[in-house]
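S.K.: sequence and predicted structure, then a few things I'm wondering about:
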Amino acid sequence: MNMFRKVVPLRTVVFACFVICAVVFGVNLTVLAKTVTIAQGVDATTLDPHMSHDTPTSVVTGNIFDSLLRRSPTMELEPALAASYRQVNDLTWEFIMQDEITFHNGEIFDAHTAKYSLERLMDPALMSPQASQLRNIESIEVPDSKTLRVKSKTPSPLIPIQVGNVAMLPPLYAEEVGPAAFAQAPVGTGPYRLKEWIKDEKIILQANGDYYRGAPAVQEVVFRPIPETASRIAELRTGAVDLIANVPPHQAASIDALPDLKVRTAPSSRIIFIVLTTTDGGPLADKRVRQALNYAVDKEAIVRALLGGYGYVLASPLPNNAFGFDPTLQSYPYEPEKAKQLLKEAGFQEGFDLIFEAPQGRYLMDKEVAQAVNGYLQDIGIKTQFNVLEWGVFVSKLYQHDGAPMMLLGLGSTTFDADPYLFTQLRSGEISSYYYNPDIDELLDAARSEMDPKQREALYVQVQELAADEAALIPLYQQVDLFGVHNRVIWEPRSDEMILVYDMDVAP
Amino acid sequence: MNKVNGLAAKIATSIGAVILLSMITFIFTRVSGDPASLLIPSDATYEELLEMRALLGLDRSLPAQFLTFASGALKGDFGLSLRYGQPAMELVLARVPATLELAFFAALIGWAVAVPLGILSGCKPNSVWDAVARFIALFGQSMPVYWLGILLVMLFSIKLRLLPASGRGGFGHLILPGLALSLNLMGSVTRVLRASMVEILRQDYIRAARARGISQKALLFKHALKNGAVGMVTVIGLQLGSLVGGTVVTETVFAWPGLGRFIVQSIQFRDFPVVQAGVLFLAVVIALINTTTDLIYPLLDSRVRV
């Protein structure tokens, strides 16, 4: 058997080579310049901010591009590339541009640039998934190179938010290279410019020393896609990554327990609720049945047990950081006896059959939350058929009005306004609305074009009170976003899920 | 003449399988879920949904869509990705090197351990080597890659700080995912090789050779191993195919920017052009591997004809 004796030393040598290579290449080099590495679940799909349809992409482009207005850390709307804005009349808004702002390639930013960017987004040929946010715009004028005038089709208080949110692109460069090339080699006015993008591996951004608000403190940013939560946390622990997004609540304590790491949280704009189909007849058309369902679900227990307490129980389908939120409204308490009583009054003392569907892997703990809700329904005698669907199937059914009578759904919006929440869920005829109430329709339509903020708020409060009394749906909770952060990073999370490295610093 | 016909038939079967598979993929991606619904924002109107469907060409009938796909595919044009807006095949091919790198490294580790171990344990059943081999075979085939990957990361990255936990970069990045991926292969190759060695060494011609006083070394390498190689080539062929196509879990755990993870994400997003391009690419690769395996058999065993 001497032939095997020859093999053994060779294998030892190979193994030794592995170890040496591992030490040489694998160990993380400490970088002298201020660098931050951020891990999200997936890679950006494009670096064209007009084509982004997901948070991880917008998080990256948010560091390369600016828009006319921005959100302060407390989500107040404030000037950015536009120095100021005002309402000229019911339909017209005027934005005054800042002076002397240039793109990374030297192109000058002015009102013409702004007009180009808005019209690019609205152009059907671009197929931008964000085009619908500018659907109310009638025309855009540039009386002089500092002034942008936007006319809307109907009076809308949301115009500054919708226009102010659009990323500004350099017209000459964008037209020269075309959308496909622009998505790979973006040029903006933002605090960072693209250095390198290796797909599904990393995106490296470099500080823009000429940034109009002053050079950023962090010189280099690396975004890494790490799909598996356990792997994201492992990389945070090894120190290869400084900041991770989407920390599940049940992992928060274990991260906080480590000396170098901390979990940071921000109330999210995302809410989770249960859609009740009231437009197809059946038991759910009866208000008492819908109220019974609201009494039957212990939302506090769900937030405590499944979300580790990271969530706010809601009384209406609106997060507490949205304009129009009614803080006085009380959520239906957990009273299963009262629920059974109401079912009896409605003639369903024997319960009834109901299909309940929920997506899996779309929202934090979505399937688990739906299972808990399903359990509560069975407690009051409702015989549910519970289906868990993959998101692509679920959302296709939802939008084609082929959804189940009961569906778990989430909704988020970076407008921080009641309109996108209440209108999409409660206004009849909307793509994901399964509810019809002429009074609510009227109030929502009025609020949409009400210019006086006080009046508008009052209208939304009325909608919420009506929807709560009618039990139009089952509001569950508002999510809290959790980030795992290394202690050397000085940063506060925001409610709009953006990770703005410009507002970040790194301890030496 | 007969040989050429046989080969032509094999290749024709492979091409047929690839075409059939691309048709199945085309139909299955379309019957569940609508990419337009995944692209539009939650406050879009129904008209905007229809508009998006029209822009993506999804409002046309299935046969019409398939014709467009098939005629484009023949010219090498698989359309633009719905998610990335880039040519689908380009996106797929860009992920191939990472997957091949991982697959070949895993295969290398796997075979480097499994081949000597399988032979050794097959020659000496019930020895210590045999116990080791059987343990590796059982462990490799029953340990989920996901769990093994996380254990490796906990030990080598978090505890010992020797190797990076995820991502692609230098050689160091390759070791943990390669190791995790190789274990399953190690298990099955060891088992097959051991079994075929035990089987062969029981054959009459081996006993006859032994009776003629041929040395153990010559017996093993000249007679037994050559026959055992047939089974091994089958396993290696099958394993290579599954290594290239089936690295999804490893790529996910180790954030490896490869093809498997990319195709799964594209399926979740109903990115039809990418799924079609990806599946077709994998189908062609696996068909090539299988055909090559078939071609190698007759070189090893003259009883086998192509």
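M.R.: Cool, the structure landed. Remember, it's a predicted structure, so these values are computed and weren't measured experimentally. Numbers count the residues shown, from 1 in each chain, chains lettered A, B, ... in the order given.

S.K.: for the closest residue in space to residue B:143 that isn't next to it in sequence, grab phi and psi.
M.R.: The shortest distance from residue B:143 to any residue other than its chain neighbours is 6.3 Å, reached at residue B:183 (C-beta to C-beta, 6 or more residues apart in numbering or on different chains). For glycine as for every other residue, the C-beta is placed from the backbone atoms N, C-alpha and C. Note on residue B:183: its backbone torsions stand at phi -60, psi -40 [degrees, to the nearest 10].

S.K.: got the buried residues for the lengthiest helix in chain B?
M.R.: For chain B, the longest helix by residue count, based on DSSP state H, is helix B:88-123. Along helix B:88-123, the positions that meet the burial threshold by neighbour count (16 or more other C-beta atoms under 10 Å in any protein chain shown) are B:88-89, B:91-92, B:94-96, B:98-99, B:101-103, B:105-107, B:109-123.

S.K.: thinking again about what came up before, per-residue pLDDT of the residue nearest to residue B:143, please?
M.R.: For residue B:183, the pLDDT comes out at 90.

S.K.: and it, how many neighbours?
M.R.: For residue B:183, the neighbour count with other C-beta atoms under 10 Å in any protein chain shown is 22.

S.K.: surely it and residue B:140 touch.
M.R.: Yes: with contact defined as C-beta atoms under 8 Å, residue B:183 reaches residue B:140; the gap is 4.4 Å.

S.K.: and the longest helix of chain B, what does it pack onto?
M.R.: In terms of contact count using 3 or more C-beta pairs under 8 Å, 6 or more residues apart in numbering or on different chains; DSSP states H and E, helix B:88-123 is assigned the packing partners helix A:2-21, helix B:128-142, helix B:172-201, helix B:225-245, helix B:248-253, helix B:259-268, helix B:272-300.

S.K.: kindly recompute the last result at 7 Å.
M.R.: In terms of contacts (3 or more C-beta pairs under 7 Å, 6 or more residues apart in numbering or on different chains; DSSP states H and E), helix B:88-123 is packed against helix B:128-142, helix B:172-201, helix B:225-245, helix B:259-268, helix B:272-300.

S.K.: what segments of the stretch 351-500 of chain A are strands?
M.R.: Remark: strands assigned in the stretch 351-500 of chain A by DSSP state E, counting those that start in this stretch are A:353-360, A:383-390, A:406-411, A:473-486, A:489-490.

S.K.: dump these to TSV, plus distance to chain B.
M.R.: As requested, the strands of the stretch 351-500 of chain A are exported to TSV (distance: least, C-beta to the nearest C-beta, whole Å):
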stretch	distance to chain B
strand A:353-360	11
strand A:383-390	7
strand A:406-411	6
strand A:473-486	14
strand A:489-490	19
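
S.K.: those: which one's closest to residue A:130?
M.R.: In terms of C-beta to C-beta, the element of the strands of the stretch 351-500 of chain A nearest to residue A:130 is strand A:406-411, at 16.5 Å.

S.K.: tally of neighbours for the nearest residue to residue B:93 once chain neighbours are set aside?
M.R.: The shortest distance from residue B:93 to any residue other than its chain neighbours is 7.5 Å, reached at residue B:281 (C-beta to C-beta, 6+ apart). Using other C-beta under 10 Å, residue B:281 has 20 neighbouring residues.

S.K.: for residue A:211, same thing?
M.R.: The number of residues packed near residue A:211 is 18, by other C-beta under 10 Å.

S.K.: give me the nearest residue to it, chain neighbours excluded.
M.R.: Using C-beta to C-beta, 6+ apart and skipping the chain neighbours, the partner closest in space to residue A:211 is residue A:191 (4.6 Å).

S.K.: quick one: residues contacting that neighbour.
M.R.: Residues near residue A:191 by C-beta atoms under 7 Å, 6 or more residues apart in numbering or on different chains: A:63, A:207-208, A:211, A:216, A:502.

S.K.: any idea how far it lies from chain B?
M.R.: 25 Å (C-beta to the nearest C-beta, to the nearest Å).

S.K.: need phi/psi at that residue.
M.R.: The phi and psi torsions at residue A:191 (degrees, to the nearest 10) take the values phi -70, psi -10.

S.K.: next: residue B:255.
M.R.: Per degrees, to the nearest 10, the backbone of residue B:255 is at phi 50, psi 50.

S.K.: and it, how far is that from residue A:242?
M.R.: Applying C-beta to C-beta, to the nearest Å, one obtains 16 Å for the distance of residue B:255 from residue A:242.

S.K.: got the domain boundaries for the chain?
M.R.: No chain in the question, so chain A it is. What automatic domain parsing lists as the domains of chain A is A:10-50+A:178-266+A:482-506, A:65-174, A:269-479.

S.K.: I was thinking of chain B, sorry if that wasn't clear
M.R.: For chain B, whose domains are defined here by automatic domain parsing, the residue ranges read B:2-74, B:93-300.

S.K.: the shortest one near chain A anywhere?
M.R.: When you say that, I think you mean domain B:2-74. Yes: using C-beta under 7 Å from any C-beta of the partner chain, domain B:2-74 reaches chain A at B:32-34, B:37-46, B:48-49, B:55.

S.K.: among those, name the ones in strands.
M.R.: Mapping those onto strands (DSSP state E) picks out no residues; all lie outside.

S.K.: which stretches of the stretch 1-150 of chain A have low pLDDT?
M.R.: Judged against pLDDT under 70, the low-scoring parts of the stretch 1-150 of chain A cover residues A:1-32.

S.K.: and with 90 instead?
M.R.: A:1-33, A:53, A:125, A:127, A:129, A:132 (pLDDT under 90).

S.K.: quick one, helices of it?
M.R.: Assigned by DSSP state H, counting those that start in this stretch, the stretch 1-150 of chain A shows helices spanning A:2-21, A:55-61, A:111-122.
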